[in-house]
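Asker: Mind looking at a prediction? Sequence and model below.
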Amino acid sequence: MPAAGHGSRLSPLPCSKELFPIGFEEYPEQGDPHPKVVSQYLLEHMQRAGARQVYVILRKGKWDIPNYYGDGSQLHLQLAYLIMRRPFGCPFSLDQAYPFVRRQRVVFGFPDILFSPEDAFERLLQRQQETEADVVLGCFRVAYPHKWDMVELRENGEVKTILRKPAQSALTYGWALACWGPRFTEFMHGHLQQVEGQLGASGAELSVGEVVQAAIRQGLRVQSTCFENGSCLDVGTPEDLRKAIRTLS
C-alpha cells in the first residue's frame, strides 16, 4: 500500500490523507459507531482476499499512520512499514517492498480510492489463476478519463494499451486496483533501475500504469476484470472527497 504522497490536492490537512475519516464503523462493545479512516477500506479488501502481510510504504514524517494502525492486529493483518527512498513516483515506493514480495502474489490498491464490490480482489486473483496472466487490472467505467489511467481491452479481456490520464479519450474503462505475480515484480524492479537516471534528470514521475504498459511491450501478459456494476471514487480531490463523505456518512 503506497502511503508516501504529500496529499497536495487536499492540502492543508491535519493528518496524513490516508487517515482522513470517511464514514463510520460499528464498535458493538463501545455502543456508538466510530469514524473510519479512508485507507482502512483498502486494507479490509486485502484482508478479505486472503492477504495476511501488508507492506505500507511511507514518506519520512508520516508517523501518524503506524501510530494509528500499529501492527495491524485489529484488522487481522500483519503490517510492516517501509520508508520511501526515491521520489520518482508510486512504482519506486512499491519497489521498496521488492526483497519481501519478490516471490509472492501481490494485491495492490491506492489508499485514497474507494471501490466496490467487496470481493474485487478475490475476482482478480481468480482471473489470474484462470488466465495465468502476469498482471490483472481491476477496471471500472469512469466518467472523467483525464483523472484515470484508461485501458484499451481486447475481446478476451487482455489489456492492449494503457493511457495515462488522457485529456480526451473514447475509452470507457479506467483501472484502479491490480494483482500480479513474481514475473511482474521482477520486471518492475529491473525497469525502474533502467529509467531512474532519466527521471532524476527530468524531475518527472512514473505511474504504475506506465510500468504495466512497458511490461506489455516486453511481452508480459496483462489481463483485466471489469466490474460493470461496481464503483470507484478517488477521494484525493476536494470535489470527490465531498461525494464520498455524503455517500458514506
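Answerer: Looks like it arrived, so ask away.
Asker: Surely L124 touches V135?
Answerer: No - with contact defined as CB atoms under 8 Å, L124 does not count as touching V135 (9.5 Å). (Glycine included, C-beta is placed from N, CA and C.)
Asker: who touches both of the two?
Answerer: Common contacts of L124 and V135 (CB atoms under 8 Å, 6 or more residues apart in numbering): A178, C179.
Asker: I'd assumed L124 was in a strand, is it?
Answerer: No - under DSSP: H, G, I helix; E, B strand; the rest coil, L124 falls outside any strand and is assigned helix.
Asker: Helices along the protein, start to end?
Answerer: Along the chain, counting by DSSP state H, helices occupy 38-48, 64-69, 90-94, 98-101, 120-131, 182-202, 208-217, 238-248.
Asker: For those, state which one has the densest average packing.
Answerer: Ranked by mean neighbour count under mean count of other CB atoms under 10 Å, the helices of the chain are led by helix 90-94, which reaches a mean of 23.
Asker: what's it in contact with?
Answerer: 2, 4, 57, 84-86, 108, 188, 192, 196, 205-208, 210-211.
Asker: what's the closest non-adjacent residue to the residue nearest the centre of the chain?
Answerer: When CA atoms, centre = their mean is applied to the chain, the residue found nearest the centroid is G109 (2.1 Å). Using CB to CB, 6 or more residues apart in numbering and skipping the chain neighbours, the partner closest in space to G109 is L177 (4.3 Å).
Asker: do Q40 as well
Answerer: Once flanking residues are discounted, Q40 sits nearest to L75: 7.2 Å by CB to CB, 6+ apart.
Asker: The one you found: what's it in contact with?
Answerer: Listed by CB under 8 Å, 6+ apart, the contact set of L75 reads Q40, L43, E44, Q47, Y69.
Asker: quick one: Y68 and K36 touch, right?
Answerer: No - applying CB under 8 Å as the test, Y68 and K36 come out as separate, 11.7 Å apart.
Asker: Any chance you could give me stretch 242-249 in CSV, C-alpha atoms only?
Answerer: Provided in CSV are the C-alpha atoms of stretch 242-249 (Å, rounded to 0.1, in the frame of the first residue of the first chain):
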residue,chain,number,x,y,z
ARG,A,242,-17.2,15.6,-0.6
LYS,A,243,-19.0,12.9,-2.7
ALA,A,244,-17.5,10.2,-0.5
ILE,A,245,-18.4,11.9,2.7
ARG,A,246,-22.0,12.4,1.5
THR,A,247,-22.3,8.7,0.4
LEU,A,248,-20.7,7.1,3.5
SER,A,249,-22.0,9.4,6.2
